[in-house]
Each structure stands twice: as structure tokens, then as C-alpha cells.
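[1] Take this sequence and fold it.
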Amino acid sequence: MDDLEIECRDGSLLLRLRVAPGARKAMIKGVYGGALKLSVTEPPEKGRANAGVVQLLADCLGIPQRQIELVSGHGSHDKRVKISGIDEASVRARLNSHFV
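    I've put the predicted structure just below:
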């Protein structure tokens, strides 16, 4: 996870994601071109996959879903999320512990 690009801005962290919806299992798969690569079980329709992304990240990071905001890529595999209330070192450590 050392090659994961995390941008700090205004007390929040910005992460780029590469999402595969409709997977058998929700999981963090690693890093792809500086972005966090993950899969979610929800299909890519009516925002269900986006909700799955927020849920997966909240569970992995041990923070409430309200601290995670999808800021771009609502209809794309490539997304950006803003995470508040947690520092970069904690994010890296917690993601590393869930890496498959």
C-alpha cells in the first residue's frame, strides 16, 4: 500500500479508487496506478455500487460512513473519495490489514 496516492486537503484525505462492481466478494485488492483497487458485490445501477464502496471503506477503516464522501466518478470505475476524521498513517495501516 506504499504506492497508494493519498492527497491531504483541508484536514481531509482524498483517495482515488478503481472499482469493480458486481463481484462475488467485497474486498480490497491492492493498488492500481496509485489508486486503491477494490471490488464490491453491488451492481452498478442506481448508485448501489457507490453505496457499497462507502460501506466497504467504512468497515475497513473502522469509521462511520458519514466520514466518507464520494466526490467524483459516480458513474465510472474510477472514483475519488474524501475521508475525514482519520489521519493518513491510520488509513494506510488499516487498509494494509485488509489487503487480500
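[2] CA atoms for contacts and neighbours, from now on please.
    Noted.
[3] Show me which strand runs longest in this protein.
    Criterion DSSP state E: the longest strand present in the chain is strand 12-20.
[4] from the chain's centre, how far out does the following helix or strand past that strand sit?
    Toward the C-terminal end, the helix or strand that comes next after strand 12-20 (DSSP states H and E) is strand 27-32. The chain centre lies 9 Å from the centre of strand 27-32; the measure is Cα atoms, centre = their mean, to the nearest Å.
[5] Stretch 4-24 now?
    Counting by Cα atoms, centre = their mean, stretch 4-24 is centred 4 Å from the centre of its parent chain.
[6] hmm, back to that, next, the angle from the longest strand of the chain to strand 27-32.
    Using axes from the mean of the first three to the mean of the last three Cα atoms, to 10 degrees, the inter-axis angle of strand 12-20 relative to strand 27-32 is 110 degrees.
[7] Which strands and helices lie in contact with the helix or strand hosting L56?
    Following DSSP H and E, one finds L56 within helix 48-61. If contacts are counted by 3 or more Cα pairs under 8 Å, 6 or more residues apart in numbering; DSSP states H and E, helix 48-61 sits against strand 68-72, helix 88-98.
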